[in-house]
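S.K.: Got a sequence here, can you model it:
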Amino acid sequence: MPGTSNQMYSDPDMEPAVMRAWEASLQGCPVRSTDVLRELVDMSWQRCQQAQVDPHARGGPQPLSGDLLFLRRERQRDLIEASAPVMSLARSFLSETGTLMALADTDCTILNTEGDGPAIGSAEAIHLMPGVAWSEALCGTNAIGTALAVEQPVQVHSAEHYCEGIKRWTCSATVIRHPFDGKVIGVLDVSGLSRTYSRQSLALVVASAGRIESRLRMTEMERHFRLLDLALPRLARLGHDGALLYDRHGYLVKANAHALQAMDLVGVHRGLDAVRQVPELALNRLRRHPRHEHLPEWLRPEWLQPLTDHGETLGTLVVIPGRPARRTVLAGVPAADTAADAAADAAWQAIVSADERILGLVERGRGLARSRIPVLLQGETGVGKELFARGLHTGGPFVALNCGGLPRDLLASELFGYADGAFTGARKGGMAGKIEAADGGTLFLDEIGEMPLDMQSHLLRVLEESEIYRIGENTPRKVRFRLVAATHRDLHGEIQAGRFRMDLYYRIAVTSLRIPALRERRGDIRLLCRHFLGRLHHGGELDVADVDPAALAALEAYDWPGNVRELRNVIESSALQCGGGMLTRELLPPEVLAGPRLPEPAAGEVRQVTSIAQGEEALIRQAIEACGGNLSQAARHLCIAKSTLYAKMQRYGLSRSR
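M.R.: Below you'll find the model as predicted:
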């Protein structure tokens, strides 16, 4: 039996016998498939005969008009964008191979083709081109249509095609599935004239389809994160209303704690499994029925809240009215979370700003504090990321660790802890790490972008498995904590440079808050100056009335590379010299009086490097050169520890010499 070893592949040696079987089938003679045809081809031919496909057809039907093809491509934009790198690679990879790659939708309509130029020209002769539907019902047995019919990888060679006009071709195809629900969303095919037959063509399309599905998965994950980011502030304000959050495909992403109760109150007696998918909430259905006449009986139009980000609809929030529950407070017994709430509120109150962006971030942060999802705080050094982290903390221990200020081995032991005798000098009995210490509370990892790449994989495992192994131990320890991470780095750039894991990024950045630098909100400088002076006054340390206009003008002109932390230090050090009255311009440090740009140093003069937040690698190189290779001096000018400077030099491959 041909193909007995592997029914998936065609056998070119059987081509004459397959051709005779095809001719016999046209004359109505029965053919024993086990003798000649693979079962896949036999079943396809039977479907073609039932559909009355013309066996003498010369190729595919006429292509769609340009406008209709454009609209079809627009409807399949996600698939086309996800396949773009694969198709681009096919352009060069298949060059001079005599083959082409075709992407088709679930109607078998080809959306794009790439590959060998002459092969594309030959394919147009049989209408194997964009805008043409290659279903079995229209074109007979072929890899695109047959793969969609059986929903599995298919190879069809030469005489195995049902229609006479395409028997000079060989093709391999497989379906593309949506990564979340497994539904078929397209077909990927490699085709060429019969002489280009290769089993590897099928392996190529299967691997390429897998890459497309992976890109779709990443795109959908990113949309889910953005959707949660949009929805969480609304969820936090709902009180006792129930909420069901659906993505753009109508799948349930999140339900709040009051969802089932609210559904019962309005007469919707269903469990969450019964509402896990609502196809009517899929974006394409909502566009076709904007008045919601198609909604299921239990779902009321007034409950729907579309969630849109920069013009893109990401999903739908279904808000079901609930009934406020009574809260009983026993006399003399405070609520369990009073202390934690008070500490969090104090942290939010300590963020002094009149800037709308900061106030909006505080409002979002207060909403996020009620959840346990990981939050990534982004912003330059000194903008106040730890204050935001403390505001997000609502119970249990708050444990902070700066990932950039420790050598690798010390960072590992600080983070994960170690067992008794794990290494020379280990504390007797071992030591719990910061992750264990944060069990039941919040772990704040500052400068997570500085974490070594191999350690990132260990942290990812902790986040996914909720268990930790101390260094030198083989027994896991269960941990449960809320992660808040912070960085001044562009983690997307770090991912592309291979210095940060993409999977860890999507795990820690379920939602993110980007805190603007002080120079982007200069209107806060006056407010912050008065706040710091008032704190000194109330602390009984100094009595400085205010900042005079000339000093304030200099403060507002300066770029503040160290942000709010640097401003606080400048105000406090200047106030110490003031002794009372007004803080004048003459008391400010020289770098502040120099304005936003420092002058070029004279020959032999040490260049002032005041921040590593911008252009970090260039600043480090500049500081080392300016200090003549003196790393201690360079670290002081960069305002970082010498150990941190060593770590950053190793990261960027820098040395003390030019």
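S.K.: Centroid-nearest residue for this protein?
M.R.: residue 222 (3.9 Å; Cα atoms, centre = their mean).
S.K.: How about the contacts made by that one?
M.R.: Neighbouring residues of residue 222 by Cβ atoms under 8 Å, 6 or more residues apart in numbering: residue 506. In this view, the C-beta of every residue, glycine as well, is placed from N, C-alpha and C.
S.K.: Surely it forms part of a strand?
M.R.: No: counting by DSSP: H, G, I helix; E, B strand; the rest coil, residue 222 is not part of a strand but helix.
S.K.: Give me the pLDDT value at it.
M.R.: On pLDDT, residue 222 comes in at 86.
S.K.: And it, how close does it get to residue 393?
M.R.: Per Cβ to Cβ, to the nearest Å, residue 222 is found 27 Å from residue 393.
S.K.: now swap in residue 351 and tell me
M.R.: Using Cβ to Cβ, residue 351 is found at 14 Å from residue 393.
S.K.: who's more crowded, the two?
M.R.: Between residue 351 and residue 393, counting by other Cβ atoms under 10 Å, residue 393 is the more crowded of the two (24 against 17).
S.K.: Next one, pLDDT for that one please.
M.R.: Looking at residue 393, its pLDDT is 91.
S.K.: wait, isn't it in contact with residue 483?
M.R.: No: judged on Cβ atoms under 8 Å, residue 393 makes no contact with residue 483 at a distance of 11.1 Å.
S.K.: okay, now the domains of this protein?
M.R.: 12-218, 238-320, 341-514, 518-593, 600-658 (automatic domain parsing).
S.K.: could I get those domains as JSON lines with distance to residue 230?
M.R.: Listed next are the domains of the chain as JSON lines, based on distance: least, Cβ to Cβ, whole Å:
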{"stretch": "domain 12-218", "distance to residue 230": "19"}
{"stretch": "domain 238-320", "distance to residue 230": "5"}
{"stretch": "domain 341-514", "distance to residue 230": "9"}
{"stretch": "domain 518-593", "distance to residue 230": "23"}
{"stretch": "domain 600-658", "distance to residue 230": "29"}
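S.K.: Compare those and give me the one nearest residue 228.
M.R.: Of all the domains of the chain, domain 341-514 sits nearest to residue 228, with 6.1 Å by Cβ to Cβ.
S.K.: Could you say which one of the domains of the chain comes nearest to residue 226?
M.R.: Nearest to residue 226 among these is domain 238-320; the distance by Cβ to Cβ comes to 5.6 Å.
S.K.: can you give me the end-to-end distance of the closest one?
M.R.: End-to-end span of domain 238-320 (Cα to Cα, to the nearest Å): 10 Å.
S.K.: do the same with stretch 432-446
M.R.: Note: stretch 432-446 ends 19 Å apart using Cα to Cα.
S.K.: can you give me the strands in the stretch 401-550 of the chain?
M.R.: Using DSSP state E, counting those that start in this stretch, the strands of the stretch 401-550 of the chain run over residues 417-418, 431-432, 442-446, 467-468, 477-478, 482-487, 511-514, 544-547.
S.K.: between the domains of the chain, which gets the lowest average pLDDT?
M.R.: Among the domains of the chain, domain 600-658 scores lowest, with a mean of 64.
S.K.: want to try a markdown table for the strands of the stretch 401-550 of the chain, with distance to residue 500 and mean neighbour count as columns?
M.R.: Listed next are these as a markdown table, based on distance: least, Cβ to Cβ, whole Å; neighbours: other Cβ atoms under 10 Å:
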| stretch | distance to residue 500 | mean neighbour count |
| --- | --- | --- |
| strand 417-418 | 24 | 22 |
| strand 431-432 | 27 | 16 |
| strand 442-446 | 13 | 25 |
| strand 467-468 | 21 | 18 |
| strand 477-478 | 26 | 13 |
| strand 482-487 | 9 | 25 |
| strand 511-514 | 14 | 17 |
| strand 544-547 | 41 | 19 |
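S.K.: CA atoms of stretch 296-311 as CSV?
M.R.: Output of stretch 296-311 as CSV, limited to C-alpha atoms (Å, rounded to 0.1, in the frame of the first residue of the first chain):
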residue,chain,number,x,y,z
PRO,A,296,-28.7,36.5,24.4
GLU,A,297,-31.8,36.8,26.5
TRP,A,298,-30.1,37.2,29.8
LEU,A,299,-27.8,40.0,28.7
ARG,A,300,-29.2,43.5,28.7
PRO,A,301,-27.7,46.2,26.4
GLU,A,302,-27.5,48.8,29.2
TRP,A,303,-25.0,46.6,31.0
LEU,A,304,-22.4,46.8,28.2
GLN,A,305,-19.4,49.1,28.4
PRO,A,306,-17.0,48.9,25.5
LEU,A,307,-13.4,49.4,26.4
THR,A,308,-11.4,51.2,23.8
ASP,A,309,-7.7,52.2,23.8
HIS,A,310,-6.4,54.7,21.2
GLY,A,311,-9.4,53.9,18.9
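S.K.: can you tell me which residues contact residue 107?
M.R.: If you count contacts by Cβ under 8 Å, 6+ apart, residue 107 has them with 133, 135.
S.K.: Confirm it sits in a strand?
M.R.: No: going by three-state DSSP, the assignment for residue 107 is coil, not a strand.
S.K.: backbone phi and psi for residue 258, please?
M.R.: phi -100, psi 0 (degrees, to the nearest 10).
S.K.: Which residues are in contact with it?
M.R.: Each residue near residue 258 by Cβ under 8 Å, 6+ apart is listed here: 238, 240, 241, 242, 243, 322.
S.K.: Residue 443 now?
M.R.: Contact analysis of residue 443 by Cβ under 8 Å, 6+ apart lists 399, 401, 434, 435, 481, 482, 483, 484.
S.K.: okay if I get the strands of the stretch 401-550 of the chain as a markdown table plus distance to residue 218?
M.R.: Formatted as a markdown table, the strands of the stretch 401-550 of the chain follow (distance: least, Cβ to Cβ, whole Å):
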| stretch | distance to residue 218 |
| --- | --- |
| strand 417-418 | 33 |
| strand 431-432 | 35 |
| strand 442-446 | 23 |
| strand 467-468 | 26 |
| strand 477-478 | 30 |
| strand 482-487 | 20 |
| strand 511-514 | 17 |
| strand 544-547 | 50 |
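S.K.: Out of those strands, flag the one nearest residue 229.
M.R.: strand 511-514 (4.3 Å).
S.K.: List the contacts of that closest one.
M.R.: Residues contacting strand 511-514 (Cβ under 8 Å, 6+ apart): 225, 228-229, 232, 361, 364-365, 368, 373-379, 388.
S.K.: Break down the stretch 251-400 of the chain into its strands, ranges please.
M.R.: 252-255, 304-309, 312-320, 375-378, 398-402.
S.K.: residues in contact with the residue lying closest to residue 223 once chain neighbours are set aside?
M.R.: The shortest distance from residue 223 to any non-neighbouring residue, by Cβ to Cβ, 6 or more residues apart in numbering, is to residue 314 (5.6 Å). Neighbouring residues of residue 314 by Cβ under 8 Å, 6+ apart: 223, 226, 227, 230, 247, 248, 307, 308.
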